[in-house]
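**Q** For reference, the sequence and a predicted model appear below.
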Amino acid sequence: MKQRLIVLLMLFACIEGFAKKPKSCDRDYWVGQAYKMARPVLENMAYGKLQQNMLTEFSPSFDNRNRKVVFMETFGRLMAGIAPWLALPDDGSDEAKQRKQLRDWALASYRNAVDPSSPDYLCWGVSDQNLVDAAYIAESFLRAYDTLWQPLDTLTKRRYFQEFQRLRRIDPPYTNWLLFASTIESFLAKAGGGCDNFRVNMACRKVEEWYVGDGWYADGPVFAFDYYSSYVFHAMYLETLQAMIDARKKSGMTQKELAEITGIAQGDISKLERGSANPSIRTLQRLAKGMGMILKIEFAPEQVSVVK
């Protein structure tokens, strides 16, 4: 009896100890992992030391691309992933303090990414791969527009417009790469940086053609059973459409009002926003005039000087 009593007392002591121990949750774990992954990149890049300190390793079969593309890939894909998290409101929690720190580093990193005088100026336009990784930077702006884009200074914003526009020299293949181009262009439309509507509409039409059912898309004319259906197709397709709708709404117009001003049928405007129409130059000119803008189509040289 005495032994049983001792065992029960020990059991109650253990239960009480577990009850007093603070419980961790899945969110705490994943927040910690996100911070661990983001901090080395953003803290270094905020101070212009990412390219100096980041250790890189390349496969022997790595192609002849400029190896500096790895820094744009690292920054762009990281920011596209954590942008929605950084956009959450501050609430005084430990998690919010971590977000604020990362957000401050991120804003400094965005500035360095397009500042030619910074050691962490990214290798814009040296490789076709830049179209891919720059799209993730644009996607991060779309995912946290008020938090990550709006606070940037005017010069930095202008530099992003120039760098994104320079990438139009890259002709994407008929694969998921069309969505990288449309993501950049739809961001430019939303931010007022001038949009190439053809690149947006081409991507949207092709994505519709490539849908094979049950949430899956073919990657061009050939079906690929991989993560790109969720990672690129669903995300960038919907973000492209939403950004183009945001651009119209930013002008303060409904589809009906824009139709009345331009003389273009509301149904056709709706199709344009859904990416299911191929507008003529004249149609685009009428839309631009209706929104108080000008249509600008240009052939730009491959090498363009960057504003310093």
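**A** Perfect, I can see it now. All figures in this text were calculated on a predicted structure; none of them were measured in a lab.
**Q** residue ranges for the helices of the stretch 201-308 of the chain, please.
**A** Taking DSSP state H, counting those that start in this stretch as the criterion, the stretch 201-308 of the chain carries its helices at 228, 235-250, 255-262, 266-274, 281-290.
**Q** least reliable of those helices going by mean pLDDT?
**A** When the helices of the stretch 201-308 of the chain are compared by mean pLDDT, helix 281-290 comes last with a mean of 64.
**Q** And the strands in the chain, which stretches?
**A** Secondary structure of the chain by DSSP state E: the strands cover 211-213, 216-219, 222-223.
**Q** So which of the ones you listed is the most surrounded?
**A** Among the strands of the chain, the stretch with the highest mean neighbour count (mean count of other CB atoms under 10 Å) is strand 216-219, at a mean of 19. In short, each C-beta sits where N, CA and C put it, glycine included.
**Q** For that one, which helices and strands make contact with it?
**A** Applying 3 or more CB pairs under 8 Å, 6 or more residues apart in numbering; DSSP states H and E, one finds that strand 216-219 contacts helix 197-210, strand 211-213.
**Q** Just put those in a markdown table and tack on distance to D146 and mean pLDDT.
**A** What follows is the helices and strands packed on strand 216-219, written out as a markdown table (distance: least, CB to CB, whole Å; pLDDT from 0 to 100):
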| stretch | distance to D146 | mean pLDDT |
| --- | --- | --- |
| helix 197-210 | 22 | 87 |
| strand 211-213 | 32 | 86 |
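**Q** Find the one among the ones you listed with the highest mean neighbour count.
**A** When the helices and strands packed on strand 216-219 are compared using mean count of other CB under 10 Å, helix 197-210 is most buried, at a mean of 20.
**Q** With only the CA atoms kept, save it in PDB.
**A** Provided in PDB are the C-alpha atoms of helix 197-210 (Å, rounded to 0.1, in the frame of the first residue of the first chain):
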ATOM      1  CA  ASN A 197      -0.300  44.100 -71.700                       C
ATOM      2  CA  PHE A 198       0.700  41.600 -74.400                       C
ATOM      3  CA  ARG A 199       3.000  39.700 -72.100                       C
ATOM      4  CA  VAL A 200       0.200  39.600 -69.500                       C
ATOM      5  CA  ASN A 201      -2.500  38.400 -71.900                       C
ATOM      6  CA  MET A 202      -0.300  35.900 -73.600                       C
ATOM      7  CA  ALA A 203       0.500  34.200 -70.200                       C
ATOM      8  CA  CYS A 204      -3.200  34.200 -69.200                       C
ATOM      9  CA  ARG A 205      -4.400  32.700 -72.500                       C
ATOM     10  CA  LYS A 206      -1.700  30.000 -72.500                       C
ATOM     11  CA  VAL A 207      -2.400  29.000 -68.900                       C
ATOM     12  CA  GLU A 208      -6.100  28.500 -69.800                       C
ATOM     13  CA  GLU A 209      -5.000  26.400 -72.700                       C
ATOM     14  CA  TRP A 210      -2.700  24.200 -70.600                       C
END
